[in-house]
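Trainee: Show me how the following folds:
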Amino acid sequence: MQALNKIFLESANSIYSGINAKNIFLYADLISDYKLLKELSKKEEIIFVTKNEDILHKQVGIDRNIIDIPNVEFSRIGLIKIAVMKGLSSGLVKDGDKIVCVAGTRKIGSFDSIVVVDIGKEFEILTSSSVPDIAENLKPEVFEVVLNLSLELAGQGREGKPVGTIFVIGDHEKVLQLSRQMIINPFQGYPEEERNIMDPALRETIREFSALDGAFVIREDGVVMAAGRHLSAALEKEDFPHGLGSRHVAAAGITSVTDAMAIVISESTGDVRIFKKGNIFMEIEKPVK
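Mentor: Next comes the predicted model:
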């Protein structure tokens, strides 16, 4: 397997140089040779994608150019999509960049795929050609935590049962004006420090409330303002994809009239979709087992 990995690394480096790419995204969990990882970390262009950030930090000694993804199963393309999304949110890459992505699955135990992503032009990875500035209206780390939580809920469900919900992040005042409570707000009356999604303890509470109808509304800094919220903004787009349910229509509607982003988990399929300005920016399919 190490010999195969070496071939893929050499090929990726050749493609990187040949197309004048910005970065190489490398799924680091498929490299068991810590010495090799340390050597690769000296190359500025390499971004490590991992489900085991602590290993890279503590055992390998890598402390930069790391994209941490949740420890759930993804298809190869799903893994690349999440890495690109997180790279955009953290500012590691931007619209117009070309990235060489080297991926595979832990089941096989080696690299088996190289994908070149041209951000803003690639429509399989990024559904929309308009690449939003994720950090413009909210903290990137808040977006990444909500994305991680969404992917975990989509992959694992709640108590083994599928979950469908909406997270609306940013521009909370306008979002609250354009929505109403369907139930008593379970977060009302608690101090802000006790309802910030950056607190791991609160994420377990979010998992429990994910079974409620309605959307979560999250402030730019991670404070959860409400759950069980009905989004009232109507969607006026005529070209919205057919076959998507009311959650997706609601997410498109609220993001078309506010500066918020929305992440939707489909209860029926487990797919995750990210909305901005009324458009689906990215779709992450639940892998078929």
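
Trainee: any idea of the mean pLDDT in stretch 59-73?
Mentor: Average pLDDT, stretch 59-73: 89.

Trainee: Quick check: end-to-end length of that stretch?
Mentor: 24 Å (CA to CA, to the nearest Å).

Trainee: quick one: contacts of that stretch?
Mentor: With CB atoms under 8 Å, 6 or more residues apart in numbering as the test, stretch 59-73 has contacts from 25, 34, 37-38, 41, 44, 46-53, 56-57, 79, 82-83, 86-87, 90, 92, 148, 151-152, 154-156, 287, 289. C-beta here means a position set from N, CA and C on the backbone, and glycine is covered the same way.

Trainee: again, but for stretch 14-23
Mentor: By CB under 8 Å, 6+ apart, stretch 14-23 touches 24, 45-47, 87, 92-93, 97-100, 114, 116.

Trainee: just for the stretch 101-250 of the chain, where's the confidence low?
Mentor: 122-136, 237-239 (pLDDT under 70).

Trainee: quick one, strands of it?
Mentor: 110-118, 165-169, 179-181, 215-218, 224-231 (DSSP state E, counting those that start in this stretch).

Trainee: thinking again about what came up before, among the contacts of stretch 59-73, name the ones in strands.
Mentor: F25, I46, I47, F48, V49, T50 (DSSP state E).

Trainee: Using TSV, lay out those together with neighbour count, distance to L4 and pLDDT.
Mentor: Converted to TSV, the ones in strands among the contacts of stretch 59-73 look like this (neighbours: other CB atoms under 10 Å; distance: CB to CB, whole Å; pLDDT from 0 to 100):
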residue	neighbour count	distance to L4	pLDDT
F25	28	18	98
I46	22	18	97
I47	23	21	97
F48	24	19	97
V49	24	18	96
T50	24	19	95
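
Trainee: Max pairwise distance over those residues: which two?
Mentor: For the ones in strands among the contacts of stretch 59-73, the maximum inter-member distance is 12.2 Å, found between I46 and T50 (CB to CB).

Trainee: what are the ranges of the helices in this protein?
Mentor: Taking DSSP state H as the test, the helices found in the chain are 2-19, 34-40, 53-54, 76-90, 140-156, 172-177, 200-209, 246-257.
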